[in-house]
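Chemist: please find the sequence and the predicted model below.
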Amino acid sequence: MQALARDLAEDMGGNAPLPARRPVIAPVPDAAPPSLGLPTRRTGLNALLAATAARHPGRPALIDRGDKPGWCGRPAMTWSYGAAAEIVARLARGIRRWRLPPGSRVGLWFPGGSEGLVAHLAVEAAGHVPCPMPAAWDEAQLLAAVEAAGIGAVLTQGRLGARRPAETLCRVALQVFSLRYLAAFGPDVPDGVINLDALALERGGTDTGVAGEGGGGLISFAGRDPARPVHRPGDALLAAVAAHLVAARIGPGERLLTLLPPDDLRGLVTGLGAALVSGASLEMLPVFDDAALDAALADPSGRPLHLVAPAFLEGALRDRIRERFPEGPALVLAHRAPARLTGRRLTPGEGAARTVDALALDEDAVVSRARGADDIALALADPEAARFPAGLIELCRDGEGGLGLRGQACRAAPLGTGLPEPGAWRAAPYRAALFAGTATALIAQGGAKS
């Protein structure tokens, strides 16, 4: 594994040996890179990656944090925008050689890490639709998701702690005839599974497939239920990211450290999507590690840091930041409906430059609001008076507190059904519980799954 990583880093222009426990730098020259061979799609995340790579090829794009060799046997990597775009292009060329119809649904079964994000972008660049699946799913859930979403290929990795994801997918493929291609990053890639490390090292070559206009977008799973796939087109995904960034205010070249997995709308909007739309550097800590978090917070680069974390960690994170890092990061605290909104510190206060609540309404929308005058509790209580990004996302509330949604960022629907029009209101399966003019919680409507 170390030898393969060394070959990859050297292929990208580096020549230093790779330590086992520190990030591996994959630099590119400062000059603009040659043509990356990416399809020029208006609504693709990969197009944003390529655009930033052309202007700032040496800027860090994807950074692994924590003891990655310890839980997956792979070295921690730091990818520049230029290196990431080149590897995405190489993987996309390989995927386009597979005999998949344009716009096919391709599963992604990864924990949070650079490999999963590069794979996501490569699937999109190849003209297919990424379908991220939670790493915690078992074999039965994977089988259900492959069948429900009509997935024709899955990308994964060979090792995840004591688990062997690629071997699990081999067993799933024996039960689903339509699952035609399996591919994995090493180590321990089983026979019959395409080795993605080898694919990433291929130079040149000729494409035998054509990227289809149905590529991009997202298939995710409502409530992490493998039987409930939801489709979102590419422009709706970018609109959801843009609406989040209105509140999060992440700038080009700034740092974004996420503790969330990129396996649903919430994780992608606040993580990969936010980084690529803003031109920031995305750092991932999929397995919580005190020392790695402290190292990230104490990074000497001086670039502004935004920390994305599950909302239940707010108290612990604030205590940690106040004690050790008084000039701490801005916080993005991610909620998932149904959710309580009490017990929050309503002003950023000590230890955080800015605090944003990002509330996911299943896979329909992410509502992000900065604390203070624009607080999410006020916006849910009186959405008509709240200032929402025009055309991207709007909320309304009926007399019972039930919420309605509309806007480009909300264009999603169960797979196999028609997408709503951006200007059409549709009911969300939640209502706001009110007290003294503020929303104290978001509660599932009767009969709604959560």
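Modeler: Now that the structure is in, tell me what you want to look at.

Chemist: quick one, longest strand in this protein?
Modeler: Secondary structure of the chain per DSSP state E: the longest strand is strand 426-435.

Chemist: show me the shaky parts of the stretch 201-350 of the chain.
Modeler: Along the stretch 201-350 of the chain, segments meeting pLDDT under 70 span 204-215, 326, 346-350.

Chemist: in it, what residue spans correspond to strands?
Modeler: Applying DSSP state E, counting those that start in this stretch to the stretch 201-350 of the chain gives strands spanning 218-221, 229-232, 255-258, 281-284, 305-310, 330-336, 339-340.

Chemist: circling back: how about the longest strand of the chain: buried residues?
Modeler: Buried residues in strand 426-435, counting neighbours by 16 or more other CB atoms under 10 Å, are found at 428-434. All C-beta atoms are positioned from the backbone trio N, CA, C, and that covers glycine.

Chemist: likewise for stretch 362-375?
Modeler: Quick answer for stretch 362-375 (16+ other CB under 10 Å): 362-371, 374-375.

Chemist: how about TSV for those residues, with secondary structure, distance to A334 and pLDDT added?
Modeler: Output for those, formatted as TSV (DSSP: H, G, I helix; E, B strand; the rest coil; distance: CB to CB, whole Å; pLDDT from 0 to 100):
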residue	secondary structure	distance to A334	pLDDT
D362	coil	14	93
E363	coil	14	96
D364	coil	15	95
A365	strand	13	96
V366	strand	9	97
V367	strand	11	97
S368	strand	9	97
R369	strand	13	96
A370	strand	14	94
R371	coil	14	92
D374	coil	17	90
D375	coil	16	93
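
Chemist: ok, back up a step: so which of the strands of the stretch 201-350 of the chain gets nearest Q157?
Modeler: Closest to Q157 of these is strand 281-284 (CB to CB; 14.0 Å).

Chemist: packing partners of that closest one?
Modeler: Secondary-structure packing of strand 281-284 (3 or more CB pairs under 8 Å, 6 or more residues apart in numbering; DSSP states H and E): strand 60-64, helix 114-125, strand 255-258.

Chemist: can you list contacts of that strand?
Modeler: 59-65, 112-114, 117, 253-258, 271-272, 275, 296, 303 (CB atoms under 8 Å, 6 or more residues apart in numbering).

Chemist: tell me who's in contact with the residue nearest the centre of the chain.
Modeler: Centroid-nearest residue in the chain, with CA atoms, centre = their mean: L268, separated by 2.6 Å. Contact partners of L268, counting by CB under 8 Å, 6+ apart, are 132, 218, 220, 237, 262.

Chemist: I'd like these as a markdown table, with neighbour count appended.
Modeler: Shown next, in a markdown table, are those (neighbours: other CB atoms under 10 Å):
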| residue | neighbour count |
| --- | --- |
| P132 | 26 |
| L218 | 26 |
| S220 | 27 |
| L237 | 27 |
| P262 | 26 |
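
Chemist: out of the residues you listed, which is nearest to L341?
Modeler: Once CB to CB is applied, the member of the contacts of L268 that ends up nearest L341 is S220, at 23.7 Å.
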